[in-house]
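> next one to model:
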Amino acid sequence: MPALATNLLATASGGVVGLVLGLVGGGGSILAVPLLVYLVDVSPPHVAIGTSALAVSGSAFTNLLTHARAGNVKWRCAAVFAAAGTIGALLGAELAKALDGEKLLLLFGLLMILVGLAMFRRRDGSGDPSVRLTADTVRELLPLLVGIGFVVGVLSGFFGIGGGFLIVPGLMFATGMPLTFAIGTSLVAVAAFGAATAASYAASGLIDWKIAALFILGGVMGGAIGVALGRVLSQRKRALSLLFASLVVTVGVYVIARGIIALA
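Prediction:
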């Protein structure tokens, strides 16, 4: 593929992910690996996963600044969750690099279907906005934050994804914080998990730095458009989320089909 076409497709792919994140508020990063593999033609699959992890981390950090200014981040909870998850992400990345690339994509397709189906469920946004990790709550909150953070980190590192669709409900379950705070707080973990996974893949020479930079650039532009559209379509966000969930399931089926053909 000509270099110009590759660069444009990488930027456009980042734009798609950013647009989805801006419109529906999460889950868009799961499209990064399929877009890099099948549209941008990044190969082998491990390079696509490492590149995706770096791009997702950069995008999450950018979005984190916005949520931090809005006061939507529970920093102590975020620090504990991210620290435990970073260890898990490093472990997950090492496990993934030891697995055949086509088999890894097959598992990724299965994950996409599960995530897409989970998105059809309406999330309850209620909770306790005053919840904090303090000396009084540490015995109750710390084990859940560490345990759930580690497990989610392993999955994030294994598949090279942000894992926000797992982190958000995980934080809500562990602490009882409302959805708004869980989304803001989750970005600390998404950025940390992505950075840890990317560092592991970079150490093995499995990142395309130019593609990652273009993907992040596209994500910033797409995110700005998505946020603007989200304000206009605020009354239809549920419908948009269901449409996106259907897309994730469809792409997951496609990834599995391609994986089965490749392994046949």
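
> shaky segments in the stretch 101-250 of the chain?
Along the stretch 101-250 of the chain, the model assigns pLDDT under 70 to residues 122-126, 227, 230-231, 234, 237.

> need the single longest helix in this protein, by residues.
Ranked by residue count and defined by DSSP state H, the top helix of the chain is helix 237-263.

> name the helices or strands packed onto that helix?
Other elements packing on helix 237-263 under the criterion 3 or more Cβ pairs under 8 Å, 6 or more residues apart in numbering; DSSP states H and E are helix 3-24, helix 32-34, helix 101-119. Bear in mind the C-beta positions are built from the backbone N, C-alpha and C, glycine included.

> go again with 7 Å.
For helix 237-263, the packing partners by 3 or more Cβ pairs under 7 Å, 6 or more residues apart in numbering; DSSP states H and E come out as helix 3-24, helix 101-119.

> report the central residue of this protein.
residue 162 (2.3 Å; Cα atoms, centre = their mean).

> isn't that one up against residue 58?
No: counting by Cβ atoms under 7 Å, residue 162 stays clear of residue 58, with 10.7 Å between them.

> roughly how far apart are residue 162 and residue 212?
According to Cβ to Cβ, to the nearest Å, residue 162 and residue 212 sit 14 Å apart.

> can you check which residues contact both of these two?
Counting by Cβ atoms under 7 Å, 6 or more residues apart in numbering, residue 162 and residue 212 have no common neighbour.

> tell me the secondary structure for residue 190?
Under DSSP: H, G, I helix; E, B strand; the rest coil, residue 190 falls in the helix class.

> tally of neighbours for it?
Residues near residue 190, counting by other Cβ atoms under 10 Å, number 28.

> ok, it to residue 153 distance?
For residue 190 relative to residue 153 (Cβ to Cβ), the value is 11 Å.

> ok, residue 82 next?
On the measure of Cβ to Cβ, residue 82 and residue 153 end up 8 Å apart.

> neighbour-wise, which of these two wins?
residue 153 (31 against 25).

> go ahead and confirm the more buried one touches residue 83.
No: counting by Cβ under 7 Å, residue 153 does not reach residue 83; the two are 9.4 Å apart.

> could you identify the helix or strand that succeeds the helix or strand harbouring residue 152?
Using DSSP states H and E, residue 152 falls within helix 138-159. Next helix or strand after helix 138-159 toward the C-terminus (DSSP H and E): helix 164-175.

> what about residue 42, is that helix, strand or coil?
Once three-state DSSP is applied, residue 42 turns out coil.

> an error on my part: the question was meant for residue 49.
helix.

> my guess is it contacts residue 160. True?
Yes: applying Cβ under 7 Å as the test, residue 49 and residue 160 come out as touching, 3.4 Å apart.

> need the overlap of contacts for those two.
residue 33.

> who has more neighbours, the two?
Under the criterion of other Cβ under 10 Å, the comparison of residue 49 against residue 160 puts residue 160 first, with 35 against 31.

> got the phi and psi for that one?
phi 70, psi 30 (degrees, to the nearest 10).
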